[in-house]
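> sequence below, structure please.
(2 chains)
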Number of protein chains: 2
Amino acid sequence: MRFISRTSSDGVTEQFFTLDEIPGVLWTPEDASGPRPLILLGHGGGQHKAAPNTVTRARRYAAEGFAVVAIDAPNHGDRPKDEEFGRMAAHMRAGMAAGEDPGALVATMHSHLARQAVADWQAVLTAVQSLDQVGAGPVGYCGMSMGCGLGIPLIAAEPRIRAAVLGLLGVHGLTEDAARITVPVQFLVQWDDQMVPRDQSLALFDAFAAPEKTLHANPGKHGDVPSFEVDSALQFFARHLN
Amino acid sequence: MRFISRTSSDGVTEQFFTLDEIPGVLWTPEDASGPRPLILLGHGGGQHKAAPNTVTRARRYAAEGFAVVAIDAPNHGDRPKDEEFGRMAAHMRAGMAAGEDPGALVATMHSHLARQAVADWQAVLTAVQSLDQVGAGPVGYCGMSMGCGLGIPLIAAEPRIRAAVLGLLGVHGLTEDAARITVPVQFLVQWDDQMVPRDQSLALFDAFAAPEKTLHANPGKHGDVPSFEVDSALQFFARHLN
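Below you'll find the predicted structure:
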């Protein structure tokens, strides 16, 4: 794990790093020492580890005492794009333009990325937890849309993750992994999501095996999640990780 | 307004009162003085102003600085039961036992009670806001099941109410009043509610005209609302009334 930069403001320290080929950012309370709960932030499709909504959320949670880490997903942000990804992205765009089921198109793309994404997150989790100011405390995962599509196989595979905030995605291709998730889940639905049919969202919520799962639905389109859900997720993580 | 008893414990003062024929309870922070936001708590069918879940919620909110008031709904608690109510309750039970649509049966009962319930709440609201330790601050309403069915006509009629937590009820008989509600609404659905079909719940959520409305769905039956929703409602009221 190689740290590239370190800046502190408003009580939060932000460190860019790379772990092998994985670029990431770690946020911790300024002058933090000793173990604390850790939140993994998975970004959406076409976004990256330091997209504005990710940074806002990360700084909010770090200011409350959490460690937070975000990484670029495979083929996103500062990572190289492989040819297969380029072909799949073009296929996905063409299919959406032609009116094909976006759930199926998006699921194909996510399944192409998921194996690498899970391995990346597991390596980063191990590395970050070896730091003094993070340690082996409880871990949560937060990701919407593609961050949900790559998060579900991760959470299904990774017993260190103890709670998750997910959403903005349908059930396509995820039934089996969702049925292996028994940790508490808070699941967000945009009630007028132009990319995810409502019934496919509700079917994914139904698919989680978690005894404690809670669905939050708000009016608006895919990108219109209200800012109070950032605080609601914080309260959810505080309840399950503290 | 006549106060009957006054006790304080754990930082909260609880006062039983009557206003004309309406029995009620007021909770305030101990030693409160000056105006503060007020929450009206509407109880469920067959319950009363001091049912355990109402008292727990009231004390939680008063401990955070709110004034909280609950009253017995017409024909409930310490209030006399009229003959018409007795006939309707028997009709409702018989219809449910015979497998009739519970949404229609419950709506008939609620519409029988609503006119009186709205008048009661408006009188109590005026009286309580005349007290020094409450004052004319912002007002919220919280009620599930019958507390939702009687709350919707109240909120539609009462401009002093600025935010509401509702739920555990379907759309039957409520479409028009819900369409007149534009204040923020947090709406609870029990995902496996044996008394309220899921599609009728979602239709009621859809019927609110509120630009800010948020749906919280949790697994379990009608009475199984998880306790963290009490805190979530507190955060909702804090956001909109403080």
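> next SSE downstream of the one helix or strand in chain A whose mean pLDDT sits lowest?
Ranked by mean pLDDT, DSSP states H and E, the weakest helix or strand in chain A is helix A:83-97, scoring a mean of 93. Next along the chain after helix A:83-97, taking DSSP states H and E as the criterion, comes helix A:102-129.
> okay, angle between that next one and helix A:83-97 too, please.
On the basis of axes from the mean of the first three to the mean of the last three C-alpha atoms, to 10 degrees, helix A:102-129 is oriented at 140 degrees to helix A:83-97.
> how far out from the middle of the chain is helix A:102-129?
Its chain's average C-alpha position is 10 Å from that of helix A:102-129, according to C-alpha atoms, centre = their mean, to the nearest Å.
> same question, stretch A:92-99
With C-alpha atoms, centre = their mean, you get 25 Å for stretch A:92-99.
> follow-up on the earlier one: tell me what the least confident helix or strand of chain A is packed against?
Packed against helix A:83-97 by the contact rule (3 or more C-beta pairs under 8 Å, 6 or more residues apart in numbering or on different chains; DSSP states H and E) you find helix A:102-129. C-beta here means a position set from N, CA and C on the backbone, and glycine is covered the same way.
> got the contact list for the least confident helix or strand of chain A?
For helix A:83-97, the external contacting residues (C-beta atoms under 8 Å, 6 or more residues apart in numbering or on different chains) are A:74, A:75, A:102, A:105, A:106, A:108, A:109, A:112, A:113.
> one more time with 10 Å, if that's ok
Contact with helix A:83-97 is made by A:45-46, A:74-76, A:79, A:81-82, A:100-102, A:104-106, A:108-109, A:112-113, A:195, as judged by C-beta atoms under 10 Å, 6 or more residues apart in numbering or on different chains.
> how about that helix: buried residues?
Residues A:85, A:88, A:89, A:92, A:95 are the ones in helix A:83-97 that count as buried (16 or more other C-beta atoms under 10 Å in any protein chain shown).
> which of those residues sit farthest apart?
Across the buried residues of helix A:83-97, the longest distance by C-beta to C-beta is 15.4 Å; it joins A:85 and A:95.
> excluding sequence neighbours, find me the nearest residue to residue A:27.
Nearest non-adjacent residue to residue A:27, counting by C-beta to C-beta, 6 or more residues apart in numbering or on different chains: residue A:62, 4.0 Å away.
> which ones are touching that neighbour?
Neighbours of residue A:62 in contact, by C-beta under 10 Å, 6+ apart: A:10-14, A:26-30, A:32, A:36, A:39, A:68.
> got those residues as JSON lines, with pLDDT columns?
Shown next, in JSON lines, are the contacts of residue A:62 (pLDDT from 0 to 100):
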{"residue": "A:10", "pLDDT": "96"}
{"residue": "A:11", "pLDDT": "97"}
{"residue": "A:12", "pLDDT": "98"}
{"residue": "A:13", "pLDDT": "98"}
{"residue": "A:14", "pLDDT": "98"}
{"residue": "A:26", "pLDDT": "98"}
{"residue": "A:27", "pLDDT": "98"}
{"residue": "A:28", "pLDDT": "98"}
{"residue": "A:29", "pLDDT": "98"}
{"residue": "A:30", "pLDDT": "96"}
{"residue": "A:32", "pLDDT": "95"}
{"residue": "A:36", "pLDDT": "98"}
{"residue": "A:39", "pLDDT": "98"}
{"residue": "A:68", "pLDDT": "98"}
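> just among the residues you listed, which is most surrounded?
Within those, neighbour counts (other C-beta atoms under 10 Å in any protein chain shown) peak at residue A:68, which reaches 29 neighbours.
> how near is the nearest residue to residue A:117 once chain neighbours are set aside to residue A:144?
Nearest in space to residue A:117, with sequence neighbours left out and distances taken as C-beta to C-beta, 6+ apart, is residue A:150 at 4.2 Å. For residue A:150, the distance to residue A:144 equals 11 Å [C-beta to C-beta, to the nearest Å].
> quickly list what's touching both of these two.
With C-beta under 10 Å, 6+ apart, residue A:150 and residue A:144 have common neighbours A:42, A:43.
> related to what we said a few turns ago, what subset of the contacts of helix A:83-97 is buried?
For these, buried by 16+ other C-beta under 10 Å: A:45, A:74, A:75, A:76, A:79, A:102, A:105, A:106, A:109, A:112, A:113, A:195.
> rewinding a little: element containing the residue nearest to residue A:27, please.
Using DSSP H and E, residue A:62 sits in helix A:52-63.
> just to revisit the earlier point, is it possible to get TSV of the contacts of residue A:62 that adds distance to residue A:221 and secondary structure?
Formatted as TSV, these follow (distance: C-beta to C-beta, whole Å; DSSP: H, G, I helix; E, B strand; the rest coil):
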residue	distance to residue A:221	secondary structure
A:10	31	coil
A:11	34	coil
A:12	30	strand
A:13	35	strand
A:14	30	strand
A:26	32	strand
A:27	28	strand
A:28	34	strand
A:29	34	strand
A:30	36	coil
A:32	37	coil
A:36	35	coil
A:39	26	strand
A:68	26	strand
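> do I have it right that residue A:9 meets residue A:30?
Yes. Look at residue A:9 against residue A:30 with C-beta atoms under 10 Å: they come within range, at 8.5 Å.
> what is the orientation angle of the one helix or strand residue A:147 maps to with helix A:52-63?
Residue A:147 is part of helix A:146-157 when elements are defined by DSSP H and E. Comparing the axes of helix A:146-157 and helix A:52-63 via the same axes, to 10 degrees yields an angle of 50 degrees.
> what about stretch A:17-24, start to end distance?
This stretch, stretch A:17-24, spans 5 Å end to end (C-alpha to C-alpha, to the nearest Å).
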